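Chemist: here you go, sequence then predicted model.
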Amino acid sequence: MRWQGFDAEPPLLAQGTPGEGLLAAAAMLLLVVALTVLQYGALRERLREELLTQAEIVGRTVNAAVLFDSEADAREILASLSGSPLVESARLFRADRTSLAAYRRATPAPHWWARHAGTEEVEHTIVANGMAIGRLQMSAERTGVWTALFKFAGGALSVMLVALALAAVVSRRMRAKVRESEARTRFLATHDALTGLPNRSTFQTLMHHAKGHWDRHARTDALLFVDLDNFKQINDRMGHAAGDAVLRQVAVRLRASVREGDVVARLAGDEFALLLESINANVATRVAAELVRTLPQPMQVEGNELRVSVSVGVALLPADARTPEEAMRCADAAMYQAKRTGKDGYHFYSSQLGDEMKARLTLETDLRAGIPRCEISLAYQPIFDGQGRLVSFEALSRWHRPGIGPVSPAEFIPVAESSELIVPLGLSVLRRLRADLDAWQHAGLEVPPVALNLSSRQFRRDAHRQGYLDALRELSLGPATVEFELTESNVFEDMDSPHSVVVALQSLGYPLAIDDFGTGYSSLGYLRRMRCRKLKIDRLFIKGVSGSEEASMLVQSMIDVAHALQMVVVAEGIETERDHAHLRALGCDYYQGFGLARPLTPEDAAALMRRQALGEYASIAAAAPAEPAHRQQT
Ligand code: C2E
Ligand code: MG
Ligand code: MG
């Protein structure tokens, strides 16, 4: 597959050219030549100075012989020059320029090169009583100069060669290092540092390459999205190092489960993608089934044995999608379908799923338009104590979708959460609550606290969190008026964030409740850390509790834990008198459910408050449907 080709790009800096080496050698050679020329001048100068000194000494000695014109004395003095290896010849002239005496060293025939070495000549004037009485000419061979010069040049050349060799070795090493770091930088830009797999942007590039093959060669590829199930729990419970180790092992297993030429990439967090080339639906099914079977096999992480199941979404290309972007959306939708249908499995993209995607998209568009048009209202489900006295309301969003009718929050809240619409929705709920409270208070009713459901996604950004807290203040919705409900998973997501809204709301004094307890993490550690006021046991455990010993024991232990942590226990979803009585016997504090009261319109909630003020307390027998039906979550 082409992605290996990313490494074959030419390095940016690491390539030295052969010309650079030659240039360096030429520059050094030029330097040696220049130094040698300077050295030649200096050596000749020194030879001349030595010769002049000799001439001066001889001149002083021969002074008398010249003065008295004694040729024999002059010759004898000049002959003494044979002791000087420097002087090659000397000649003494009288003042009238006639020769008085001469000397020439008797030497064996010089080497050929010495004959071409040339001679250095100096002249010294012999003075007596302030008058020039003669001249002494002296010459010396330059062979010594040349010998010294050759030695110098040889030495300099050797130093130059050694320096060049050293520079070559050092620069080769440096280039190797630069090449290595360039390769690493390129690798990090195109790959995920943790698993070494190609990253999202590389994967998208490869998808575009693949698209060419779908178009030109009618090739079928399969795109598989693989998402780990409940990975957050591993991170939360065992720490991020363990989470990283799991991701690395999953990456190795994924690579091992496909062919050499197939692409395995890490898109984000615990999301991986596989692009299987030239494949048909049967083989893609086999691969997906194999992944679901083999990936959850036990893995050793920090001395613990872990099993991580995966949900896989498959899209066949180009049958399901004609562009890489569309393909990613299809595989993603298929993967979410696998999650929705119980995780630990695979799901193929289908046109039906496509229709659902489109319906979801239309719902999102309509909701976006509906929130500012105040299409969201609130229904208030009462919560009672053991005597049927109203203790609070839970405010539940209702969307009156034009042309369709009431839509269940179970349908639109997840869409709002995944599109950030949850932020304006949350604010619109606050405004709606303020309006209903005003109407009730205006009617002179004594209103109990109202609980609002919160989603951690309302507070992903700092500005959203601040906006929500500001709105609470501006609408005078203080801790005596409202309380908040968060599901366990919401609490988990929020607690570790540096701007935890749980912490912010608690520090402002708002009572918090853990909603749907028992369906999520049910971590006692978090329960202790959170110090919430209320624990709402999910209706899953409540329905039929009176007839099930096991459910009874579970609910009893939840009540015990909550009471040990000084929490008030609310049972949700009570539908029958038997369950209600049983829960009272188990020691529940508060009760909520269709059996006692359905979610009420603000007007019906007002009527209930009036009845309560007259001492008409709730009982299952008296409960009647009050809210217009909407498609209810089951
Ligand atoms: P929840 O907070 O657990 O609310 C209780 C849900 O259970 C409500 O469904 C309520 O109508 C239903 N319920 C109450 N008693 C019974 C019963 O006896 N039997 C049955 N079968 N159901 C019962 P609803 O109103 O459809 O709300 C669903 C979920 O939507 C809520 O669950 C809550 O998590 C979420 N939600 C509702 N309004 C908002 C909102 O304004 N913001 C956020 N973030 N979430 C909201
Ligand atoms: Mg709730
Ligand atoms: Mg609930």
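Modeler: Arrived safely, thanks for sending. Ligands and ions are numbered 1, 2, ... in the order given.
Chemist: could you point out the longest helix of this protein?
Modeler: In terms of residue count, the longest helix belonging to the chain (DSSP state H) is helix 18-67.
Chemist: packing partners of it?
Modeler: Where contact means 3 or more CB pairs under 8 Å, 6 or more residues apart in numbering; DSSP states H and E, helix 18-67 is packed against helix 71-79, strand 87-94, strand 99-104, strand 119-128, strand 131-141, helix 143-190. For every residue, glycine as well, the C-beta is placed using N, CA and C.
Chemist: so that helix versus strand 119-128, what angle?
Modeler: With axes from the mean of the first three to the mean of the last three CA atoms, to 10 degrees applied, the angle from helix 18-67 to strand 119-128 works out at 30 degrees.
Chemist: and the helices and strands packed on helix 18-67: which comes nearest ligand 2?
Modeler: Comparing these by their distance to ligand 2 (CB to the ion), the top pick is helix 143-190, with 44.7 Å.
Chemist: now the closest one: how far from the chain's centre is it?
Modeler: Between the centre of helix 143-190 and the centre of its chain there are 39 Å (CA atoms, centre = their mean, to the nearest Å).
Chemist: and what of stretch 581-598?
Modeler: With CA atoms, centre = their mean, you get 50 Å for stretch 581-598.
Chemist: is that stretch up against ligand 3 anywhere?
Modeler: No. Stretch 581-598 does not reach ligand 3 (CB under 5 Å from the ion); its nearest approach is 8.3 Å.
Chemist: give me the distance between the two termini of that stretch.
Modeler: One end of stretch 581-598 sits 18 Å from the other (CA to CA, to the nearest Å).
Chemist: winner for burial among the helices and strands packed on helix 18-67?
Modeler: Across these, the average number of neighbours (mean count of other CB atoms under 10 Å) peaks for strand 87-94, which reaches a mean of 20.
Chemist: note down every partner strand of that strand and its orientation.
Modeler: Sheet pairing here is set by DSSP bridges, and for strand 87-94 it gives strand 99-104 (antiparallel), strand 131-141 (antiparallel).
Chemist: name the helices or strands packed onto the helix-or-strand element of the chain with minimal mean pLDDT?
Modeler: Taking mean pLDDT, DSSP states H and E as the measure, helix 112-115 is the helix or strand of the chain with the lowest mean score, a mean of 72. Identification of packing neighbours for helix 112-115 by 3+ CB pairs under 8 Å, 6+ apart yields helix 143-190.
Chemist: could you look up the SS state of the closest residue to ligand 2 within the stretch 151-300 of the chain?
Modeler: Per CB to the ion, K232 is where the stretch 151-300 of the chain lies closest to ligand 2, at 21.3 Å. Per DSSP: H, G, I helix; E, B strand; the rest coil, the local secondary structure of K232 is helix.
Chemist: what's the neighbour count on it?
Modeler: K232 has 16 neighbours, counted by other CB atoms under 10 Å.
Chemist: got the contact list for the closest residue to it other than its chain neighbours?
Modeler: Excluding the flanking residues, the one nearest K232 by CB to CB, 6 or more residues apart in numbering is F492, at 7.0 Å. By CB atoms under 8 Å, 6 or more residues apart in numbering, the contact list for F492 reads K232, D236, G520, Y521, Y526.
Chemist: state the distance from the first one to A288.
Modeler: If I follow you right, that is K232. The span separating K232 from A288 equals 23 Å under the rule CB to CB, to the nearest Å.
Chemist: same deal with the fourth one?
Modeler: Here the criterion is CB to CB. By it, Y521 lies 28 Å from A288.
Chemist: about what we covered before: immediately after the helix or strand the residue nearest to K232 falls within, which helix or strand?
Modeler: F492 is located in helix 488-495, with elements delineated by DSSP states H and E. Toward the C-terminus, helix 488-495 is succeeded by helix 501-507 as the next helix or strand (DSSP H and E).
Chemist: hang on, the earlier thing: I'd like the contacts of F492 laid out as TSV, including secondary structure.
Modeler: Output for the contacts of F492, formatted as TSV (three-state DSSP):
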residue	secondary structure
K232	helix
D236	helix
G520	coil
Y521	coil
Y526	helix
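Chemist: separate out the buried members of those.
Modeler: When neighbours are counted using 16 or more other CB atoms under 10 Å, the contacts of F492 contain these buried positions: K232, D236, G520, Y521, Y526.
Chemist: ok, residues contacting stretch 478-490?
Modeler: Contact partners of stretch 478-490, identified using CB under 8 Å, 6+ apart, comprise 392, 394, 433, 437, 447, 449-456, 472, 494, 502, 505, 508-517, 519-523, 526, 533-534, 536.
Chemist: so what's the residue count around the closest residue to L275 other than its chain neighbours?
Modeler: Excluding its sequence neighbours, the residue lying closest to L275 (CB to CB, 6+ apart) is V263, at 4.2 Å. Neighbour count for V263, taken as other CB under 10 Å: 24.
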